[in-house]
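Engineer: got a sequence here, can you model it:
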Amino acid sequence: MTHHHTHNHSHQKLTGRNLLFSILLNVGITVAQVAGGLISGSLSLLSDALHNFSDVLSLIVSYFANRLAKKEASIKRTFGFKRAEIMAAFINAASLMIIAIILIFEAIERLQNPQKISAQIVIILSGIAILGNGLSVLLLRRDSKVNMNMRSAYLHLITDLMASVAVLIGGLLMRYYEIFWVDSVLTFAIAVYLIIVGFDLLKRSFKVLMLYTPDTIEVKEIVATINGLPKVKSIHHVHVWQLNEEETHLEAHIDFQEDIQVSEFGNILHEIEAILQEQFNINHVTLQPEYGKKDNKDIIVQD
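Structural biologist: Numbering: from 1, shown residues only. Below you'll find the model as predicted:
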């Protein structure tokens, strides 16, 4: 069995200092918002704090995943720590959805029994959150263009910024017009948004953990392309999965029409690797060559 992998992504050095500073900045914002929400009685401020805290977790995961990625694989960890980010994303998404559902029930209860809220605290803390998130967005903007991990964190911080703006508007409405029910409405809206984002992340991370074939890849198209090559009789027993966001693997058995030499198989292998990389973005390929072997020739075989 021959294995080969290529990397078409460039591991440019990320500015870890900016990421670490963004983490500390957002931890400070989250703590302030939680304290302010409890003091003022504002659920929307607490829900914004939750949103911000979820992004703090995302930033922390990104930071440590970047550090862990530099550790070499070992006998006990042949894949290294490449799945750490996916596992953390799954746990983070699940907990985020649970807390968001609790917030929705709290918001409905508040709508039925409105309470007076200290709008001044809401205005001040949402303003601080806007400044902090805005600075974090600027710090990560450059890195977001070269790394998917940073791109995700960058987009989360932008949504944080938008949520804080919404809370500020709500605070102003409560302060000058005494429309206190807007706090519950904003809480409900932010919680629903968190569930939508959380469910999408939960679904994507679940698919990777369960070794699903990536949505962008058609296995039958791969099979038809490889089977069209000279001397290839059939490619079967195919597995395609993602190890993480950057690595997509394919392993399969490949049956030849004649008993070719190992050196010739090497040439065919290089051609297949190029096709899989360029057309399907698969960068880790493992193929088992066969000739006249009586095994199951189905495309998908349950091991």
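Engineer: that's a strand at Met87, yeah?
Structural biologist: No: assigned with DSSP: H, G, I helix; E, B strand; the rest coil, Met87 falls outside any strand and is helix.
Engineer: and it, how many neighbours?
Structural biologist: If you count neighbours by other Cβ atoms under 10 Å, Met87 ends up with 14. No exception for glycine: its C-beta is placed from N, CA and C like everyone else's.
Engineer: what sits against it?
Structural biologist: Ser205, Leu209 (Cβ atoms under 8 Å, 6 or more residues apart in numbering).
Engineer: which other helices and strands contact the helix or strand where Met174 lies?
Structural biologist: Assigned by DSSP states H and E, Met174 belongs to helix 148-177. Counting contacts by 3 or more Cβ pairs under 8 Å, 6 or more residues apart in numbering; DSSP states H and E, helix 148-177 packs against helix 16-40, helix 43-68, helix 119-140, helix 181-209.
Engineer: redo the ones you listed as TSV? Include mean pLDDT and mean neighbour count.
Structural biologist: Formatted as TSV, those follow (pLDDT from 0 to 100; neighbours: other Cβ atoms under 10 Å):
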stretch	mean pLDDT	mean neighbour count
helix 16-40	86	18
helix 43-68	77	23
helix 119-140	90	20
helix 181-209	86	19
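Engineer: quick one, helices of the stretch 201-303 of the chain?
Structural biologist: For the stretch 201-303 of the chain, applying DSSP state H, counting those that start in this stretch gives helices covering 219-227, 262-280.
Engineer: dump those to CSV, plus mean neighbour count and mean pLDDT.
Structural biologist: Conversion of these to CSV gives the following (neighbours: other Cβ atoms under 10 Å; pLDDT from 0 to 100):
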stretch, mean neighbour count, mean pLDDT
helix 219-227, 15, 97
helix 262-280, 15, 96
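Engineer: now tabulate the ones you listed in a markdown table and tack on distance to Ile29.
Structural biologist: Listed next are the helices of the stretch 201-303 of the chain as a markdown table, based on distance: least, Cβ to Cβ, whole Å:
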| stretch | distance to Ile29 |
| --- | --- |
| helix 219-227 | 45 |
| helix 262-280 | 42 |
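Engineer: which one, of those, ends up nearest to Met210?
Structural biologist: Across the helices of the stretch 201-303 of the chain, Met210 has its closest neighbour in helix 219-227 (16.0 Å, Cβ to Cβ).
Engineer: which helices and strands does that closest one pack with?
Structural biologist: With contacts defined as 3+ Cβ pairs under 8 Å, 6+ apart, helix 219-227 has these neighbours: strand 232-242, helix 262-280.
Engineer: tell me the buried residues in the first one?
Structural biologist: Taking 16 or more other Cβ atoms under 10 Å as the neighbour-count basis, strand 232-242 is seen to contain the buried residues Val232, Ser234, Ile235, His236, His237, Val238, Val240, Trp241, Gln242.
Engineer: excluding its backbone neighbours, what's nearest the second one?
Structural biologist: Read it as Ser234. Asp255 (4.8 Å; Cβ to Cβ, 6 or more residues apart in numbering).
Engineer: check contacts around the one you found.
Structural biologist: Shown in contact with Asp255 (Cβ under 8 Å, 6+ apart): Val232, Lys233, Ser234, Ile235, His236, Glu290, Tyr291, Lys293, Lys297.
Engineer: dig out what it forms beta bridges with.
Structural biologist: Ser234, Glu290 (DSSP bridges).
Engineer: got a pLDDT number for it?
Structural biologist: Looking at Asp255, its pLDDT reads 96.
Engineer: which residues are in contact with the closest residue to Ile260 other than its chain neighbours?
Structural biologist: What sits nearest to Ile260 in space, not counting adjacent residues and going by Cβ to Cβ, 6+ apart, is Lys231, at 6.4 Å. Taking Cβ under 8 Å, 6+ apart as the criterion, Lys231 is in contact with Phe256, Gln257, Glu258, Ile260, Glu264, Ile268.
Engineer: could you do Ser47 as well?
Structural biologist: Shown in contact with Ser47 (Cβ under 8 Å, 6+ apart): Ala100, Leu103, Ala107, Leu186, Thr187, Ile190, Ala191, Leu194.
Engineer: cool, thanks, signing off.
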